[in-house]
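S.K.: Provided below for reference: sequence and predicted model.
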Amino acid sequence: MSLLRVDNVSKHFGNLIAVDDISMTVEPGELRAVIGPNGAGKTTFFNMISGFLTPSSGHIVFDGEDITSLLPARRVWRGIARTFQITEVFPELTVRENMRIAVESASGFRLRLWQSREDDGEVRARVIDLLKMSGLTEKADRLVGELAHGDQRATEIMMALALKPRLLLLDEPTAGMGDQETYDITQLIRKLHRDQKLTIVLIEHDMRVVFHLADRIMVLAEGKMLAEGTPQEIAANEAVQAAYLGKAAA
Amino acid sequence: MSNQVNARKLIALACIWAVLLLVPYWMPPLGGYTALGTRVLVLGLAAMSVNFLLGFTGVLSFGHAAYFGLGAYGAGLSLKFLAPSTSISLLMGMLLGGLAGALLGTLIVRRRGVYFAMVTIAFGQVFYYIAFQWSSLTGGDDGLRGFSRQPLDFGLFSIDILSNTNNFYYFVLFCFALVVAVMGFILRSPFGRTMLAIRENERRARFLGIPVERHIWIAFTLSCFFMGFAGALYALLNNFADPKGLHFSQSGDFVMMAVMGGMRSFWGPLLGAAVFVILQDYLSSITVNWMSFVGLLFVIVVLFFPRGLLGVVRRKLVS
Amino acid sequence: MLQLLLFNVTNGLIIGAFYVLMALGLSLILNLSNVINFAHGGFLVVGGYIAYTITPYVGFWGALLIAPPLTAAIGLLVERVLIRPLYGRDPLYSLLLTFGLAFIFEDGTRFIWGAQGKPVTVPAFLAQPLSNEFFFITGYRLFMVATVAVAVTLLFVLLRYTRLGIRIRAGTLDLETVSALGVNVGLLRSLNFAAGIYLAGLSGVLAAGQLGLEPTMGAGLLMPSFIAIIVGGIGSLTGTLLGGLLIGVASGITAVFLPAASEAIMYVLMAVVLLIRPRGLLGEEGMMT
């Protein structure tokens, strides 16, 4: 059974149709990329999966359950985690505290007004793991707001990962990064996908990253689905080339 | 490095408690009086309760005096009509403030920023209005009189806190320590960290699976319970409760104490309360227009010391 | 009985119109600059006292014309010097600042004009009741409602059809984009603030003729204005208009049946509206349509 199924989803803002009748299925363990020119509706599409927006029509089914109008927090509890195009972290807290909050939220400690030693130890160990995985151990006690963009992004991804998601949504993980940072983040995503068998859907502008990572690619243009297939198929697709090159030519 | 920070924190903490414990000994020689210290503790506790929400959840309630005043009336009415017991009166005051907050909290948690402030002011005024109008119960504008704090009865012996100001100071300090400990404990708990998370980035918090509205409601309610407790102490301090204690200008004073002391720090509001109380005490003794000086103080703090006194001190320490 | 009801409904409408004027000014400033202007009542009082001071020289009509822009000028000064540095900071600060200002205004007016209430004489023909049957409708009350109606209409026309108004409305929705389009946001905020204070000044002059003047009157009028905004829906000027009239009429009607609750009804109304429609009557959906 597919992990995520999107059935004929549309989103209207007044007269504007941002997403027009898009369907998609994502299998467990898959890494799916969503690409398309600016204004293609990628982020809107993403926002409907994560619960930031509710579709105007259509359904979203996660692991057999209809989640179309579920609140964001409840989607997180069911195993959907996301990052944002503009990095969203807790800037005035340290990297360690950022991750700790995520770990505690995932372990259901959210509402605890107390904390036992054993639980605390468990959380600590998990935070240390996450720090190691992201290579941020040395910067653990610095405020996230003071870190370089790439490190902030890595923190955000690790926070999403701390939720032990079954589906990870990454909105332009390399946006605004230099070559080295882009490479590092790409390696991190690749590691998560390969080693942890994590199912990932990502939006990305950088085609090198997309073709390097994705199992399958979906192309959106002006709110509609233009094409879907393996990287090779997409690269060979004339409609896609027309959409991209046409934009470039115009 | 973190050991050094911890050591510094412990020393600061020890200093704070030493200063508080010795108030009856150093305050009178400096020209103050112990009751002023008691007042600082009570209002400081209220300011810390406001800051529990403002500084650590990032939610600005500008109507918190309502829960403070409800606490005062709860305690006063309990002493007057229910039972001549100081501890029961504290409990009733806290319950009245906290439950009212829990109820109204459900109506306001969806609002944010200035809108949250505005709705909290308006709802706070509801209680001011009730206290003002319902004179048969509350004494209306004249305030609630005819009660006084009772000796603490421990069976074998009892402690007089009515006429002995030092005893009363230590009683208030004990209560203060209790509530402050609970506050500190909550802030260090996983729930406390979700409060910080909401303050720092609500969107991120939501997408970490934190049900933001529910957590704001809980933080709001907790802070109203603390507020009610502080209000109950205030009624005991004055043996009196009046509608002014619920008015939004009182809320403004509390927020001011928190901001002036430093709202990102746990102890800042207590310092702010001390400065505020002493200044008010001094100003009102030398001029009838002291309100405009308090107003001026607001303007000056906002324009020049937005980080508060502790914020300034910390910066100096860092640089 | 019917006459009593009519009396109180009319009264409520008149008071409501007054709340509207005050609340619209607050709302303008709140919507664009995110500032809850606690000193709004203070500006109202200053407007009233300016009118009181100049009436002997320029007459009531002259005061009605001159006092509001003078108040707006003071408002502009306050905005430029004190509030401007706070934009972009936590809205808490501007709130505290205007809160402090309100104290200063109150004490200041008391210092200058004394704590005693001051009467402002209105032209004799306005002070007459309309007729014996409608003794409660004095010409002045009608005049007040008419003035409010004209001022509100002008405001809405200004916002809808002038460039400044369109920019203010756009800024309310998305200040960043407006700024990116090259509009001088600082100037926009100043003018908008001045417009809001102009309305406060106008309310002050009108109130002076009806209620007389006292330094503390501003604070008492602030809360109904808040409630008008909340009931109408934060962000919507039409909502504020509706909210003001609604609470005015509601308290007017309540005054007939349960006089003691005539003020409480505003709060009850607010709670009910928030329970049924958490955004208020016209909140946030259609901004100013």
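M.R.: Structure's in. What do you need?
S.K.: ok, now which ones touch the closest residue to B:Thr165 other than its chain neighbours?
M.R.: The shortest distance from B:Thr165 to any residue that is not its chain neighbour, by Cβ to Cβ, 6 or more residues apart in numbering or on different chains, is 4.9 Å, and that residue is B:Thr34. Where you see a C-beta, it was placed from the backbone N, CA and C, and this is true even at glycine. Each residue near B:Thr34 by Cβ atoms under 8 Å, 6 or more residues apart in numbering or on different chains is listed here: B:Val23, B:Pro24, B:Met27, B:Pro28, B:Thr165, B:Asn166, B:Tyr169.
S.K.: need the helices for chain A, in chain order.
M.R.: Remark: helices assigned in chain A by DSSP state H are A:42-50, A:72-78, A:95-106, A:117-134, A:149-162, A:179-196, A:207-213, A:231-236, A:238-249.
S.K.: what's the fifth one packed up against?
M.R.: For helix A:149-162, the packing partners by 3 or more Cβ pairs under 8 Å, 6 or more residues apart in numbering or on different chains; DSSP states H and E come out as strand A:80-82, helix A:95-106, helix A:117-134, strand A:167-171, helix A:179-196.
S.K.: buried residues, the third one. List them.
M.R.: Yep, that's helix A:117-134 we're talking about. A:Val123, A:Arg126, A:Val127, A:Leu130, A:Leu131, A:Met133, A:Ser134 (16 or more other Cβ atoms under 10 Å in any protein chain shown).
S.K.: distance to B:Gly261 and pLDDT added to the residues you listed, as TSV?
M.R.: Formatted as TSV, the entries for the buried residues of helix A:117-134 read as follows, by distance: Cβ to Cβ, whole Å; pLDDT from 0 to 100:
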residue	distance to B:Gly261	pLDDT
A:Val123	32	89
A:Arg126	36	91
A:Val127	32	92
A:Leu130	36	90
A:Leu131	35	91
A:Met133	41	85
A:Ser134	37	83
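S.K.: and of the residues you listed, the nearest to chain B?
M.R.: Nearest to chain B, judged by Cβ to the nearest Cβ, of the buried residues of helix A:117-134 is A:Val123 at 8.1 Å.
S.K.: in this structure the closest one contacts A:Glu104, no?
M.R.: Yes. A:Val123 is in contact with A:Glu104 according to Cβ atoms under 8 Å; the separation is 5.9 Å.
S.K.: identify the contacts common to those two.
M.R.: Between them, A:Val123 and A:Glu104 share no contacting residue, judged by Cβ under 8 Å, 6+ apart.
S.K.: neighbours of the nearest residue to A:Ala162 once chain neighbours are set aside, how many?
M.R.: Closest residue in space to A:Ala162, ignoring its immediate chain neighbours: A:Ala102 at 3.7 Å, by Cβ to Cβ, 6+ apart. A:Ala102 sits with 30 neighbouring residues when counted by other Cβ atoms under 10 Å in any protein chain shown.
S.K.: residue contacts, A:Ala102?
M.R.: Shown in contact with A:Ala102 (Cβ under 8 Å, 6+ apart): A:Met158, A:Met159, A:Ala160, A:Ala162, A:Leu163, B:Leu208.
S.K.: need the pLDDT of the closest residue to chain C within chain A.
M.R.: With distances taken as Cβ to the nearest Cβ, chain A approaches chain C most closely at A:Gly14, which sits 11.1 Å away. Looking at A:Gly14, its pLDDT stands at 78.
S.K.: can you report how many residues neighbour it?
M.R.: When neighbours are defined as other Cβ under 10 Å, A:Gly14 has 5 of them.
S.K.: relative to chain B, how far out is it?
M.R.: Per Cβ to the nearest Cβ, to the nearest Å, A:Gly14 is found 23 Å from chain B.
S.K.: which one of the contacts of A:Ala102 is nearest A:Met218?
M.R.: Distances from A:Met218 to those, taken as Cβ to Cβ, are shortest for A:Ala160 (20.7 Å).
S.K.: spatially, what comes nearest to that closest one if we skip its sequence neighbours?
M.R.: In space, A:Ala160 comes closest to A:Ala81 once its chain neighbours are excluded; the distance is 3.9 Å by Cβ to Cβ, 6+ apart.
S.K.: A:Asp119 too?
M.R.: The shortest distance from A:Asp119 to any residue that is not its chain neighbour, by Cβ to Cβ, 6+ apart, is 6.7 Å, and that residue is A:Phe109.
S.K.: so what's that neighbour up against?
M.R.: Contacts for A:Phe109 (Cβ under 8 Å, 6+ apart) come out as A:Gln115, A:Asp119, A:Val123, B:Pro190.
S.K.: measure how buried the first one is and give me the count.
M.R.: Right, A:Gln115. Per other Cβ under 10 Å, the neighbour tally for A:Gln115 reads 18.
S.K.: let me see the confidence value for A:Ala248.
M.R.: pLDDT recorded at A:Ala248 is 48.
S.K.: same question but for C:Pro215, I mixed them up
M.R.: For C:Pro215, the predicted pLDDT is 79.
S.K.: okay, now it: neighbour count?
M.R.: Burial of C:Pro215 is recorded as 25 neighbouring residues (other Cβ under 10 Å).
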